[in-house]
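*Asks:* Below are the sequence and a predicted model for it; my questions follow.
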Amino acid sequence: MVEASSILNAVIIGLASGTIYGVMALSFVLLYRIARVVNIAVGDMVLLGAYLILFFAELHLVPNPVLNILVAALLASLLSVALALFTERALFKPLYGQPVLTLIMMTVALGLLLRGATIIGWGTTLRVFPNQNEIWPLHPLEIGPVKLPYVYVWSITGALLIFGAFLYIFRKTIFGIAMRAVSLDPEVAAAHGITISKMYIYSWIIAYVAAVLSGLILGAINGINIIISDLGLSRALPAALIGGIDSPSGALLGGLILGLIEHTLGTYLNIYLPGIRDVIPYLVLLVVLIIKPYGLFGTVRIERV
Amino acid sequence: MFISPKLTRDAMPGNFLILNNVEVTFDPFILVIKGVSMEVEKGSIVALLGANGMGKSTILKAISGVIRLERGRVTKGYIEFNGRRIENMMPDAVARLGITYVHEGRHVFEELTVEEDILSGLYGRRKMDPKDALEFVYNYFPRLKERRKIRSGYLSGGEQQMLVIARALISQPDVLLLDEPSLGLFPSVINEIFDIVKKINEYEGLTVILAEQNVKKALEIADYGYVVEGGKIVLDGTPEKLMNNPDVQDYYLGIGRAGRISYQDVKSYKRRKRWIS
Amino acid sequence: MSRPSGVFKESYLADMGFIQKRFHLVGLLLLFAFLSTLPLYAGDFYTSLFMLIFTFSVAIMGLNLLTAAGLFSVSTAALMGVGAFTASFLSQPPLSLPFFIVIPLSGIATMAVASVFALPALRIKGYYMLFLTTATQFTIEWILNYITKNVPGSVVYIAPMSILGHEFGMIEKYYVFLAIATIMGYLIAHIGRTPLGKAIVMIGEKDYAAHIFGVSPLKYKAIAFAIYGLYAGVGGAMWGYQIGLATPEHFGFMLSWEMLGVGVIVGGVGSYVWGSCLGTVVMIAISQGITIMVSRLSVMMPWLGPTAFGLRAILYGVIIAGILIAEPHGLASLLRKVKRFFDLFPFSY
Amino acid sequence: MSGLPILEVKDVSLRFGGVVALRSVSLSVNKGEILAIVGPNGSGKTSLLNCICGFYKPQSGRIFFKGVDITRMPIHKRMEMGLGRTLQTPYVFPGTVYENIMVGYVVRNGGIFRNLTYGAVEEARRRAEELIDFVELEPYRDAIATELPMGLRKRVELARVLMWDPEVIMLDEPASGLSLDERRDMARFILELNEVWGKTIILIEHEMNMVKDLAHRIIVMDSGRKIAEGLFKEITRDARVLAAYLGE
């Protein structure tokens, strides 16, 4: 972690890392909205994504290190499509029509499976991406007084691209409307010709790809280790809820808020209360839930009696 | 407003939706429909009549495949549409064949706007242009056009009912299965909705199967009626025949032989019965 | 729900009593006979296993009630931790209180902690509770961590159970645990049949609709949370007395999930006593079974080496996924089917 | 029949977002009468009930019950004072019928420790049994309430409301979705409640025959306004009412 020397720097870095929290939160939000799956395994998906990229990067398919990592990320994303298919078909399809709690339990099982697989496959020692220094130069990008490490430049660009593409699809296309329709009332949507299980597969694919890409950034910042799984959950879940669990744009905002607080207040408090930095997201979540139970952008249900 | 000429129904004769001795079982072994046979002519309005819980809705759900989402199955008999067996297909596949089911109870997608809600019915039909399709339904439902930017959860009951019909209509299906469109609506609104359904039927040649408790209203627009009781069809015929049937008059229209029984009078009779027993 | 003719109840209370048929009474007596003689012939391992079952049964009873109120909680383990840490504080010098005071006090202290963390829960509905309690779990875990970092050895100890200077052995502790579990079980079964218990169930599905029938969701959610805290605290204190020491690692997030996902769902929501006990037995059986399997497998596959604990995660995942797919309604519904079929499952509560 | 006003609604207005649900509605309910509120869907009848029972808080206007201003009172306090209401789609939880009815006991006996005594359980159960008798649910006493058909669930709900012995009972479409026989039963309960038990009843209903036969006084609403008030004969002559009914 880069020590921020000035408050401004802390704010910029906070926002930059917030974008990647936003992407993880998007993965979480989307699965909840469409498939009504509260994905406790989000951290483990990020962990697996990081290891998959590591695996492909270590094959050195392309000599150029930057291209190499991009190719690795692409391959990992493609593989995660297969994983999404497996997850939906093998684990969740048998559970259609079951209470939400059953689905959540299944994500717990999924998390255990993914985590167990990574432990057996890669052990528990801390790993880094090959040629990391060439991909993300050590000297930060300097814009005036602000020093921004290159990995955050990647993070911001990637996150903005993902969000832009996603929001366009979700808001403007009939496919997006159909996705939202499924999220609101699957039975009725099915009677109008929307294939529910396909929509669920799409949402799993998006969730996995978003997790893989967050794995790339989180792995670059923290190193690749089982720790990423807890880190992923402790950022994705609060970020998603702060923004409102069913709001994709809220996820980005939640991520930004979280990154900001973590890198300013969190760093400061950590001096006096060691370890509080990892709990700060949850504390922020508790406060937000007290003030706005549905998050900042969450849809307040129209309750009729 | 409706200048297009009435389609001649005789142009395409024949029964194109057939139910033959259909039985429906819900998980694990609850038999709900006990051998129902129906023949529906293209371009007609058919009414399924009967009280709550008698199986009208289940028949519609069996045709549309929605029972599959509720752990139900057609366990005997077959359903044929345009010469093709459709029993136990998943609802989305049935919908793509041109049969759209409208759920009882006005299930709008509350958080979508009216326009998005209608458009959701168009998913997977690439050949249609969204703008034209919207124009087509707004033609029948001008009220929805006025309110197209409002979240559909905020509409009144009648408008929501129109919205769900419009959503079913936008994909231009051949068969519309309407489940209790009049439930909990006010007489004037019911009239309005039934008028529109009749108009769509006449101008578009759309086949409508209607499950209704409001027997009088349903028979006004229907070409043929079936009375469903306890998962079986107990009576069928033209509206005139059903209206004049003394049992139908007694049970469904509330007209006793000596005129309608006042609710005030029911009480003393039943009360006396309670004292005696 | 037919009853044999010739059975007449003198009062409505008897009609709602816990023992409806002679069969129930026989079953209950047999169970108690078994449990009360168990330490005499079972070895230390099984005795301590049953003590563990009593401990978790108590905590899961409270969780079951909370779940029936529509509030899903995954902070049970952390609250048990609060109970254990309170027990440590109360049982050690300078206070050195005896166990029969420490255990209720730990329960009450945990009830207070749970109530504080429940404040945001009062406005929250359904699955948001899972997120809220996830936050609670990690926050409490961090607080416990912070406490242990400041004590020597990074572990807190709970004084052994003793009365008038006589220190309890395993068998005596076993009977204390059995007594506590029985008392707590009776209490929660009684709460379940009072109008208050029904009100808690009523807010379970649509709390705003229940409000129209005069059942204030705020009040009954708070009550459910308090009861939940009390039970978790008592369970935690029992845990502390059994093991003798406590660290935050013992009360992790996954344990909370096990308690909700296996302990409550398998046992059946709303079956406060017998469901909770059954769920606990299954939960502990799975956990022990996996431990044995992993140790066997790592002997067979020595190349796994230190990563064998990954195997544990995978096995657990496979078992949970298998249960959910094979019987998606949870084991509870399987049991309910069996129960309906034979109608001889001996306990109606 | 008519006595003093027990419930008064004065100039109540309610908006959600941009939609106006109620525009300055006033009405008073006399003790011991059956007042029916009719009107097209979306005319604000249910919103009005929701304001009276406290589910919605009106933006302006006041509501008095037994002379006390209850406009800002929480729902359960109003119920404790003697209001009661049923829902259009009945709400029952997955317990037996008597358990569903027993819950009503906590409204007037909310004390936590008092509730846990054996006496409270016994008393609650006894009263629940009396009401099961009244709504004729004896054969279904031990049935799981969520598995019952609509008509019986409506009776469970009615009995639950009667548990706290309210003076004013608001019934939201008690006959919708019921067969003719079930409607007749419901009408009988309403009459017995009113005539024998002396309850004041506010009735929202679409089935006009039922309104005509039962109600002492009728209020007609349209798009959030009260447009007419009076006997059945009087309101059927009102031009505005006819417009609301028949459209155009």
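*Replies:* Sure thing, it's come through.
*Asks:* Enumerate every residue touching C:Leu178.
*Replies:* For C:Leu178, the contacting residues are C:Leu35, C:Ser36, C:Phe54, by C-beta atoms under 8 Å, 6 or more residues apart in numbering or on different chains. Every residue, glycine included, has its C-beta placed from N, CA and C.
*Asks:* scratch that, D:Leu148
*Replies:* Taking C-beta under 8 Å, 6+ apart as the criterion, D:Leu148 is in contact with D:Val92, D:Val97, D:Tyr140, D:Val156.
*Asks:* Let me see the backbone angles for the second one.
*Replies:* It refers to D:Val97. Phi and psi for D:Val97, reported as degrees, to the nearest 10, are phi -60, psi -40.
*Asks:* Quick one, grab the pLDDT at it.
*Replies:* Here, the pLDDT recorded for D:Val97 equals 92.
*Asks:* Now do the helices in chain C.
*Replies:* When secondary structure is read from DSSP state H, chain C shows helices at C:12-15, C:22-41, C:44-68, C:76-91, C:99-118, C:128-149, C:170-193, C:195-202, C:207-212, C:217-243, C:253-258, C:274-300, C:308-326, C:331-342.
*Asks:* List the buried residues for the second one?
*Replies:* Residues of helix C:22-41 classed as buried by neighbour count (16 or more other C-beta atoms under 10 Å in any protein chain shown): C:His24, C:Gly27, C:Leu35, C:Pro39.
*Asks:* Between these, which sits nearest chain D?
*Replies:* Checking the buried residues of helix C:22-41 against chain D with C-beta to the nearest C-beta, the nearest one is C:His24 at 16.0 Å.
*Asks:* Count the neighbours of C:Gly126 for me.
*Replies:* 15 (other C-beta atoms under 10 Å in any protein chain shown).
*Asks:* Report the contact partners of B:Gln213.
*Replies:* Listed by C-beta under 8 Å, 6+ apart, the contact set of B:Gln213 reads B:Leu49, B:Gly50, B:Ala51, B:Asn52, B:Glu180, B:Ser182, B:Leu183, D:Gly177.
*Asks:* And C:Ala121, by the same measure?
*Replies:* C:Ala121 makes contacts with C:Leu71, C:Met129, C:Leu132, C:Thr133, C:Lys221, C:Phe225, as judged by C-beta under 8 Å, 6+ apart.
*Asks:* repeat that with 10 Å
*Replies:* Each residue near C:Ala121 by C-beta atoms under 10 Å, 6 or more residues apart in numbering or on different chains is listed here: A:289-290, A:293, C:66, C:71, C:73, C:114-115, C:128-129, C:132-133, C:136, C:221-222, C:224-225.
*Asks:* same thing with A:Leu296?
*Replies:* Contacts of A:Leu296 by C-beta under 10 Å, 6+ apart are A:Leu241, A:Ile242, A:Gly243, A:Gly244, A:Ser247, A:Gly250, A:Leu253, A:Gly254, A:Ile257, A:Val288.
*Asks:* still on that earlier bit, Throw the buried residues of helix C:22-41 into JSON lines and include distance to B:Gly72 and pLDDT, thanks.
*Replies:* Formatted as JSON lines, those follow (distance: C-beta to C-beta, whole Å; pLDDT from 0 to 100):
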{"residue": "C:His24", "distance to B:Gly72": "36", "pLDDT": "73"}
{"residue": "C:Gly27", "distance to B:Gly72": "37", "pLDDT": "82"}
{"residue": "C:Leu35", "distance to B:Gly72": "45", "pLDDT": "91"}
{"residue": "C:Pro39", "distance to B:Gly72": "53", "pLDDT": "88"}
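*Asks:* State the pair within those residues that is farthest apart.
*Replies:* C:His24 and C:Pro39 (25.6 Å; C-beta to C-beta).
*Asks:* Name whatever forms a beta bridge with the residue nearest the centre of chain D.
*Replies:* Geometric centre of chain D, nearest residue: D:Met170, 1.5 Å, by C-alpha atoms, centre = their mean. Beta bridges link D:Met170 to D:Arg85, D:Ile202, judged by DSSP bridges.
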